[in-house]
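Q: Pasting the sequence and the predicted coordinates here, then a few questions.
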Amino acid sequence: AMAFAMPGAAAAKTAAPVVATTKSMVEIKAEKWLKARPQGGRALVVGLGGEPYWLVALRPPGGDAPSLAPWALKAECTHLGCLAGWRPEMNKYVCACHGSEYDKQGTVLRGPAPRSLGLAKVTVDAEGRVLLSEWEGDDFRV
């Protein structure tokens, strides 16, 4: 027998936030993670659904300490699901499989990818752990 969900039923039920971890499953603490990136930068973390996400440290102009971006990017190319890697020399994400390119916020610049990289909301809990949760609301990039 097949089960069918009511339209909109899935949208009302959002998954609980998950603690971002390293690939060795070590919880990521915001302060320590940022301290390791004084110039800003990004790193792959394990996020929602055990999938790879790019966590981003934004460095404001004027040399202040970096802060966590309020968003993380799903590292999966929207074409066929390959890993979209960060290329610092190009200042963009590039999928090695078919050449799709995304800007530093994950907006698609060049296909064959049909859309921008997925977003997750980034917050920090009372213990300083980085949490990823489902993105809610409009995509700020469009």
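A: That came in fine, so what should we check first?

Q: after the longest helix belonging to the chain comes which helix or strand?
A: Ranked by residue count under DSSP state H, the longest helix found in the chain is helix 30-35. Downstream of helix 30-35, the next assigned helix or strand under DSSP states H and E is strand 41-46.

Q: helices or strands up against that next one?
A: For strand 41-46, the packing partners by 3 or more CB pairs under 8 Å, 6 or more residues apart in numbering; DSSP states H and E come out as strand 52-58. (Each C-beta comes from the backbone N, C-alpha and C, glycine too.)

Q: what's downstream of the strand it packs on, the next helix or strand?
A: Under the assignment DSSP H and E, the closest C-terminal helix or strand after strand 52-58 is strand 67-68.

Q: For stretch 88-103, which residues meet the burial criterion?
A: By neighbour count on 16 or more other CB atoms under 10 Å, the buried set for stretch 88-103 is 92-95, 100-102.

Q: mind showing which ranges of the protein have poor pLDDT?
A: Residues of the chain meeting the criterion pLDDT under 70: 1-14.

Q: What segments of it are helices?
A: For the chain, the helices defined by DSSP H cover 9-12, 30-35.
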